[in-house]
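Trainee: requesting a structural model of the entry that follows:
(one chain, ligands or ions: 1)
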Amino acid sequence: MGMKEKLAELRQQGLEAIEQSQDLDKINQARVKWLGKKGPLTQILRGMGKLSPEERPAVGKYANDVRNDLQEALQRRKQEMEKELLNAKLMAETVDVTLPGAPVAQGQPHVIQQIIDQLIDLFVGMGYEVATGPEVEEEVYNFEKLNLPKDHPARDMQDTFYITPQILMRTQTSPMQARMMEKHDFSKGPLKMISPGKVYRRDTDDATHSHQFHQLEGLVVGEHVTMADLRGTLQEVGRNLFGDQLNVRLRPSYFPFTEPSVEADVTCFNCLGKGCDICKGTGWIECLGAGMVHPNVLKMSGVDPEKYSGFAFGLGPDRFAMLKYGVTDIRDFYLNDMRFLTQFDEKG
Ligand code: FA5
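Mentor: Residues are numbered from 1 along each chain as shown. Model (predicted):
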């Protein structure tokens, strides 16, 4: 067999072996086998010296062509292989974007916060500003500036957690009355504010009392503010939270910082007025205190009682939540039992 035939056969076999290589290792082995130093092509090229000078250029050129062909085939096969591997990898990693996702549990505000938010919405709609104040409060603001001087017997109405004789856990949100009046510029118009927050009392816990609970204070001070404004405002609160199902009644009461003072009761949700354990037989549940701001309180906050008058109220969102949802024990709100808390879905 002549040189050319040998080379042609070698090319044929080499190309077939390269074409059949199924992975990168095999391709590498084929390269070593067909083009390596000990491979048949190198052998043939080494034997070139035995050829006659006339034959040499033609055979030499042919041998180079064969080498180039094999090199090209190796290169092409390697690229194909890499592409196949990449495709296989991509297929294996395919993400099915149509699969349903793992559900994420959606939270919701605590039911008492829902009541507070509803009240904030109502009052902001009526032009009130919303203020928050410190839970650790000065005795001066919690009592003194609310017309409750030291040793006044009415201080006994609110058993108190004292931190020092001058600092205490606030027993009510009413200290915000003084704080806001002191800051307000009455030449620019009336003060209308609400202030929600936590308050603390050394109360014995029972179905309607907790030692820590919430209040939402309201205060309007300006020219010609009257008791009729207070009544209308409280009626609006009742209608907003309870619709027309439950009645609201005002009855005379006493607070050192308001004169006259009232308390508002809402029909007991449990017995609808007949009298039961929850309402202690009265048919009503007390849910806020209110009145016309006492002239002494205005004076102590630098407001002229001859020129300005005002009304204030302090309501208990915890009690409102009980009334709205028929919860029979206030302590359930604080136990963090998710089965209880998730019943009050704002959207539901
Ligand atoms: C006051 O705290 C006055 N600061 C309210 C006020 C403000 C009167 C402005 C006049 C002008 P009282 O102690 O009654 O008042 O409490 C007000 C409301 O807080 C009650 O009607 C009730 O809804 C709620 N409340 C009182 N004590 C508790 C308690 N231990 N647990 C849960 N709610 C309570």
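Trainee: could I get the contacting residues of whichever residue of the chain sits closest to the ligand?
Mentor: When distances are taken as CB to the nearest ligand atom, the chain reaches nearest to the ligand at G316, 2.4 Å away. For the C-beta atoms, the positions are set from N, CA and C on the backbone; glycine is no exception. Residues in contact with G316, defined by CB atoms under 8 Å, 6 or more residues apart in numbering, are F213, H214, Q215, C287, L288.
Trainee: just curious, which of these is nearest to K89?
Mentor: Here the nearest of the contacts of G316 to K89, counting by CB to CB, is H214; it sits at 58.7 Å.
Trainee: quickly list what the closest one is bridged to.
Mentor: Note on H214: beta-bridge partners by DSSP bridges are K198.
Trainee: what of K192?
Mentor: When bridges are called by DSSP bridges, K192 pairs up with V220.
Trainee: for it, grab the count of nearby residues.
Mentor: Neighbour count of K192, defined by other CB atoms under 10 Å: 20.
Trainee: which residues sit in contact with it?
Mentor: With CB under 8 Å, 6+ apart as the criterion, the residues that contact K192 are M126, G127, Y128, E129, L219, V220, G222.
Trainee: need the helices for the stretch 101-250 of the chain, in chain order.
Mentor: Ranges of helices in the stretch 101-250 of the chain, per DSSP state H, counting those that start in this stretch, are 111-125, 139-142, 175-183, 227-242.
Trainee: picking up where we left off before, from the contacts of K192, which would you call buried?
Mentor: Among the contacts of K192, the ones that count as buried by 16 or more other CB atoms under 10 Å are Y128, L219, V220, G222.
Trainee: tell me the spacing between the residue nearest to the first one when sequence neighbours are not counted and N296.
Mentor: Read that as Y128. Distance criterion CB to CB, 6 or more residues apart in numbering; nearest residue to Y128, sequence neighbours excluded, is K192 at 4.6 Å. When CB to CB, to the nearest Å is the yardstick, K192 and N296 sit 22 Å from each other.
Trainee: hmm, back to that, give me the lowest-pLDDT entry from the contacts of G316.
Mentor: Across the set of the contacts of G316, C287 stands lowest in pLDDT, at 84.
Trainee: was I right to think that one contacts P317?
Mentor: No. C287 lies out of contact with P317 (CB atoms under 8 Å); the separation is 9.1 Å.
Trainee: between those two, who's got more neighbours?
Mentor: P317 (25 against 22).
Trainee: and the contacts of the helix or strand harbouring E16?
Mentor: Secondary structure from DSSP states H and E places E16 in helix 3-20. Outside helix 3-20, the residues that touch it by CB under 8 Å, 6+ apart are 1, 27, 30, 33-34, 40-41, 44, 51, 55, 59, 62-63, 66, 69-70, 73-74, 77.
Trainee: tell me the buried residues in the helix or strand bottoming out on mean pLDDT in the chain?
Mentor: Taking mean pLDDT, DSSP states H and E as the measure, the chain has helix 40-46 as its least confident helix or strand, at a mean of 83. When burial is assessed from 16+ other CB under 10 Å, helix 40-46 yields the following buried residues: P40, L41, I44, L45.
Trainee: do stretch 195-213 as well
Mentor: For stretch 195-213, the buried set under the neighbour-count rule, 16+ other CB under 10 Å, comprises S195, P196, G197, V199, Y200, R201, A207, T208, S210, F213.
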